[in-house]
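S.K.: how would this look folded up:
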Amino acid sequence: MKKAFTKEELIEILNHLEPKIKSVLRNTHFQEREDLEQEIKLKIIESYKKVSELDAPNFEEFLLEYLKKQI
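M.R.: Here you go, the predicted model:
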């Protein structure tokens, strides 16, 4: 069973990604950087929530189902 990240863990992930986000933002107009940074971080969180809610099997579960179908 997969474990969802806590709020603190999500903040830590965003902090880890911040240097990359800021380097990409250098390609945008100075006045738009702060808003765009917030939007990027929001999209990362929204994407994580969507993916974490998926009920997809892990590799072992997938392999077990595949092998059952082969018999």
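
S.K.: chain center to the one helix or strand I40 maps to, what's the gap?
M.R.: Taking DSSP states H and E as the definition, I40 sits inside helix 33-52. Taking Cα atoms, centre = their mean, to the nearest Å, one finds helix 33-52 lying 8 Å from the centre of the chain it belongs to.

S.K.: Tabulate the CA atom coordinates of that helix in CSV.
M.R.: Extracted C-alpha coordinates of helix 33-52, given in CSV (Å, rounded to 0.1, in the frame of the first residue of the first chain):
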residue,chain,number,x,y,z
ARG,A,33,7.9,35.4,-12.2
GLU,A,34,6.3,35.4,-8.8
ASP,A,35,2.8,34.6,-10.1
LEU,A,36,4.2,32.0,-12.4
GLU,A,37,6.2,30.4,-9.6
GLN,A,38,3.1,30.1,-7.5
GLU,A,39,1.1,28.6,-10.4
ILE,A,40,3.9,26.0,-11.1
LYS,A,41,3.9,25.0,-7.4
LEU,A,42,0.1,24.8,-7.4
LYS,A,43,0.1,22.6,-10.5
ILE,A,44,2.8,20.3,-8.9
ILE,A,45,0.5,19.9,-5.8
GLU,A,46,-2.6,19.3,-7.9
SER,A,47,-0.8,16.8,-10.1
TYR,A,48,0.4,14.9,-7.0
LYS,A,49,-3.1,14.8,-5.5
LYS,A,50,-4.5,13.3,-8.8
VAL,A,51,-1.7,10.7,-9.0
SER,A,52,-1.9,9.8,-5.4
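
S.K.: Can you name the element that comes right after that helix?
M.R.: Using DSSP H and E, the next helix or strand after helix 33-52 towards the C-terminus is helix 59-70.

S.K.: now that following helix: mean pLDDT?
M.R.: Mean pLDDT, helix 59-70: 89.

S.K.: So which residues make contact with it?
M.R.: For helix 59-70, the external contacting residues (Cβ atoms under 8 Å, 6 or more residues apart in numbering) are P57. From N, CA and C alone the C-beta is placed, and that goes for glycine too.

S.K.: please redo it, this time with the cut-off set to 10 Å
M.R.: Residues from elsewhere that reach helix 59-70, judged by Cβ atoms under 10 Å, 6 or more residues apart in numbering: 56-58.
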